[in-house]
Structure formats: structure tokens, C-alpha cells
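*Asks:* structure of the sequence below:
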Amino acid sequence: MSSPWWWTILNFFTVITFNVYLNDWMELLLSNAIIPFALIFWIYAYSYSMDIKYKKEITVLISVISLAYEILVLILLCMNPALLGYKINFEVLARSPLSLIFALATAIIIFITGILFSINSIRSVDRETHLRGYFLLIAFSLITLCAGFDALSWENIFIIVLIRLVLTLSSIFFYFGFFFPIRLSKNFIRKEESQ
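*Replies:* Predicted coordinates:
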């Protein structure tokens, strides 16, 4: 779900380690080519964990659309990368209308399915799953907010820093939602029981 930001992570790592920036082509590849696979894996996991009636059909449909976009991304990267976007500065890529529409559509799909997944967890009779649902609800809301703002390619450094901070916060909530530490879970449940 954090795939749109992998290019910034890798760029930061290469600058710190080797004092080398990724070239624009590589940044466009990383910011566009990973999103379709992230969407496919998420929809597959969501459909099968929620036991949706048409899970196979939904997964196939999303896979076909995502792979078609992936092929288009690879073709455009070889022929005319500017049709995917261009770099504004070290931390910001401006998306083209094509990549912006796909990124926003992906964010909306992940937000809707993530909220449904979170609500399903909140309704669980298992207290730990119930608690995880709240963390996931916050995480999906925050990451969608980040994706929406980031897709618009803000140039203001304050907005960029704010987006990265909220993204980090959403990662922490995802951690608690999916890998809630047992010790912390027991403390939360104990406090809930005492109220």
C-alpha cells in the first residue's frame, strides 16, 4: 500500500549510502510500476479473507486492468516517459493525467475495501481482532489521505513533510492493525474490562 513512495525511500537510501540520486526514468518506474501489483495482491487478500461472493471475478477483473496499466507503463517508459510524469524536485514527482487517474483510483479502491475490512474486524467478537479493526480504520484513512495529497504533487516543503509524517503514522497504525503485539493487546483488553 505504500508502493507509490518506494522511489523516495530508495532515492533516500542511495543518496545516503552512495551519494547518488536515482535518475528520472527509475523514479517514474518505481512510482508507477509497483502500484498495479500492490493493488492485485491487496484485492486478492481482501476478497479471500472477507469471503466475498464474486471474489474470483473481482480479482480477475482488477488483475486484467492492473496488468494492462502495467504494460502501458512499461511501453511509455521506453517511448515517452513524460506521459507518466516528470520530476519537480528531489522529493516530488508530478504525475501525468494517466498516472494520476490510476493512482487515485487505486487509493479509492484500497480506501473502500480497507474501511469494509476494518469495520468487519471491529464487529468481531474476538476482542483482539475488534481492537485491531480500530487501528486499521485509522491506518486506511491516513494512507488514503496521504495518497490523495501526494498524487497532486505538492511543491510546498511543509506539505511534503506533513504527508511523510502522516504516512509514517499510518504505517505504525498498520503495524498495530496487522501485527498487534501480544503484550500491548493484553494491556488494552485489561483496561477495557476494568471500565
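
*Asks:* what ranges do the helices span in the chain?
*Replies:* When secondary structure is read from DSSP state H, the chain shows helices at 6-18, 24-33, 35-49, 55-79, 97-122, 127-151, 157-178, 182-194.

*Asks:* next, count neighbours for the spatially closest residue to Lys55 that is not a sequence neighbour.
*Replies:* Computed as CB to CB, 6 or more residues apart in numbering, the closest residue to Lys55 that is not its neighbour in sequence is Ser47, at 3.6 Å. C-beta here means a position set from N, CA and C on the backbone, and glycine is covered the same way. Ser47 has 19 neighbouring residues, counting by other CB atoms under 10 Å.

*Asks:* so which of the helices of the chain is nearest Lys87?
*Replies:* Evaluated over those, closeness to Lys87 peaks at helix 24-33, with 5.0 Å, by CB to CB.

*Asks:* so how far is that closest one off the chain centroid?
*Replies:* 16 Å (CA atoms, centre = their mean, to the nearest Å).

*Asks:* who touches it?
*Replies:* For helix 24-33, the external contacting residues (CB atoms under 8 Å, 6 or more residues apart in numbering) are 4, 6-7, 10-11, 22, 70, 73-74, 77, 81, 84-87, 93, 95, 99, 102.

*Asks:* could I get the buried residue list for stretch 20-29?
*Replies:* Neighbour-count burial for stretch 20-29, with 16 or more other CB atoms under 10 Å as criterion, is recorded at Leu22, Glu27, Leu28, Leu29.
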